[in-house]
Every structure is written in C-alpha cells, then in structure tokens.
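Peer 1: Generate a structure from the sequence data that follows.
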Amino acid sequence: MTLTIVEFLRAINPNIGLVQNPDGSYRIGVEDVNSDEILAATEAINTALQAGGISQVQFAAIVTALQAAIPIGANIIGQVGIDQTTPGSTNRVDAQLSGLSIVPFNLFEWTNATYIATQLLTADGVQWSDEKTIGAGGAETQVFGATISPAKAGILVAVLLGLTVQCKSSAATQAKSRQWRARNVAGAWVNLMAAVSENLTVNYVESSRSGVFYAVANFNQVPFEIGLFVTPSAAESFIVQVKSSSMGQLVYKPS
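Peer 2: Predicted coordinates for the structure are as follows:
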C-alpha cells in the first residue's frame with residue numbers, strides 16, 4: 001500500500017504541511033516539532049515526494065521520529081510554538097522586554113508650581129501655563145518645567161512627545177531662541193530638539209514639536225524632568241506660554 005503525501009501528513013498531525021521553496025523543492029512545516037533526529041525523516045519525505053508517494057515502512061519510520069521527545073533548545077524546523085512563560089529561557093524571544101510599562105501623561109499634570117497657577121476651566125478646553133517674560137538682554141532662562149514621576153521608578157526606553165508653545169516679543173527685528181530639554185532628575189540637561197531661532201512677532205504665534213525620543217545618557221531614568229529654555233535678543237524680550245494639550249507617553253521598565 002502506498003500513501004500520498006497529503007494522507008501521510010494528515011495522519012501524523014493536522015498542523016503539519018508542505019511549504020514550497022523558491023527553487024521549487026518542498027520542505028515540511030511542523031508546529032511544535034524540532035530536533036536533528038528527524039532530519040533523516042525529512043530526507044525520506046523529499047525522496048518519497050519525488051517518487052510520488054510514501055510506503056507503509058517509510059510511514060512508520062517517520063511517525064516514530066516525529067513523535068520522539070523534543071529537548072529544550074533543539075534545532076527548529078518549520079512552524080514553531082514559542083514558550084513565553086520562562087524569562088531567560090533559550091526559547092524565549094527576548095527576556096529583556098518582559099515587564100515593560102507604557103505610561104501616558106499630560107505635561108500640566110506634572111508641572112512644577114513655579115510655572116503654572118490654578119486655572120479655571122475654559123469653554124474650548126484650552127489652557128496655558130503662566131506667561132513668562134524674559135527681558136531684553138537677559139540670559140538663557142528656563143521658563144517651564146515638569147517632573148514626570150509615575151508610581152514606580154525605573155529604566156527609561158523612550159518617550160513620545162507632543163509639545164506646544166505660543167511665543168511673542170516686544171518687537172520683531174532680532175532673533176530669539178527656544179529649546180526643549182530633558183534630564184534625569186537633577187542631572188545634566190539633554191537637548192530634545194535643535195534650538196529654534198526666530199524674530200517672533202508682537203502677537204502670540206503657536207509652535208509645536210513632536211516625535212519619539214529614545215533614552216540617552218543623562219536621560220535614561222524614571223522619574224525625569226522636561227524643561228523649556230528661552231533666550232531673548234539684546235534689545236527685545238521673549239514672552240512665552242506652554243499649552244495644556246502638551247503631552248507624552250513613556251515606555252520604561254519599572255524597578
């Protein structure tokens with residue numbers, strides 16, 4: 001009696017199937033089956049395919065090989081089932097990714113009291129931090145700050161930020177600059193963006209910066225701080241506020 005390959009595969013396991021390679025040859029796809037011990041069985045299947053079928057003797061030999069115990073860490077063929085239950089095991093995809101947390105935050109919820117006062121609700125939901133004015137000729141000054149501090153401290157992976165300000169000046173003939181920065185609490189500041197230099201106008205104009213920023217030296221821990229720094233020109237002031245819709249999302253591994 002001769003079995004066709006389809007009958008053979010279904011008899012062993014409904015999850016076993018044939019996959020055609022780019023060169024026209026075939027290989028078996030087997031779920032939760034591995035080890036070098038079935039290599040001979042695989043070769044037997046290929047041989048039988050070329051002949052058009054599999055004999056009962058071949059069938060019995062291959063079934064025995066496929067039903068053998070599968071040791072952890074053995075070579076894998078075909079489709080596999082992955083054990084995600086044992087951190088650090090050789091069959092875990094990446095033990096380092098276990099325990100990550102994603103935490104959304106609104107900048108105003110963590111704003112330091114120096115930069116924002118209690119505000120009434122508004123019809124459109126738009127609120128702004130306290131207006132900060134840095135006079136002409138002044139040095140670079142931090143005009144806004146927030147400390148993002150979830151319930152658990154940990155190791156920062158990345159942050160997704162959307163930060164909006166509105167800026168104006170006493171005049172519009174000289175360039176002024178602004179820059180968002182972040183740091184581990186009380187550490188050295190890290191630039192989140194290139195400094196923006198523009199003349200501004202005497203009326204408020206909104207401006208946003210957004211995107212993903214991955215952890216770097218001095219900005220790789222939770223909690224962390226976010227700050228806005230501005231520099232006026234020699235003869236013109238810098239006036240700025242931060243919008244309440246400024247927010248972010250952090251990915252980190254809690255301690």
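
Peer 1: Residue 211 touches residue 160, doesn't it?
Peer 2: Yes - because the distance of 7.4 Å satisfies CB atoms under 8 Å, residue 211 is recorded as touching residue 160. C-beta coordinates here come from the backbone N, C-alpha and C atoms, glycine included.

Peer 1: So for those two, which sits in the more crowded spot?
Peer 2: residue 160 (15 against 11; other CB atoms under 10 Å).

Peer 1: so that one sits in a strand?
Peer 2: Yes - Residue 160: assigned to a strand according to DSSP: H, G, I helix; E, B strand; the rest coil.

Peer 1: Now do the contacts for the closest residue in space to it that isn't next to it in sequence.
Peer 2: Spatially, and ignoring its direct neighbours in sequence, residue 160 is nearest to residue 249 (4.4 Å; CB to CB, 6 or more residues apart in numbering). Contacts for residue 249 were tallied using CB atoms under 8 Å, 6 or more residues apart in numbering; they are 102-105, 159-160.

Peer 1: Turn those into a markdown table, columns for pLDDT.
Peer 2: Listed next are those as a markdown table, based on pLDDT from 0 to 100:
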| residue | pLDDT |
| --- | --- |
| 102 | 94 |
| 103 | 94 |
| 104 | 94 |
| 105 | 93 |
| 159 | 97 |
| 160 | 96 |
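
Peer 1: quick one: pLDDT of residue 48?
Peer 2: In this model, residue 48 is scored at 61, pLDDT.

Peer 1: nope, residue 229 is what I was after
Peer 2: pLDDT, residue 229: 98.

Peer 1: same question, residue 167
Peer 2: Reported pLDDT for residue 167: 97.

Peer 1: can you check residue 122 too?
Peer 2: pLDDT, residue 122: 89.

Peer 1: roughly how far apart are it and residue 128?
Peer 2: 10 Å (CB to CB, to the nearest Å).

Peer 1: Tell me which of the two has more neighbours.
Peer 2: Of the pair residue 122 and residue 128, residue 128 is the one with more neighbours under other CB under 10 Å, namely 18 against 10.

Peer 1: pLDDT score assigned to that one?
Peer 2: Looking at residue 128, its pLDDT is 90.

Peer 1: now it, nearest residue through space, not along the chain?
Peer 2: By the measure of CB to CB, 6+ apart, the closest residue to residue 128 outside its immediate chain neighbours is residue 241, 4.0 Å from it.

Peer 1: give me the beta-bridge partners of that neighbour?
Peer 2: With DSSP bridges as the criterion, residue 241 is bridged to residue 166.

Peer 1: tell me the contacts of it?
Peer 2: 128-132, 165-166, 204 are the contacts of residue 241 under CB under 8 Å, 6+ apart.

Peer 1: which one of those has the most neighbours?
Peer 2: residue 129 (26 neighbours).
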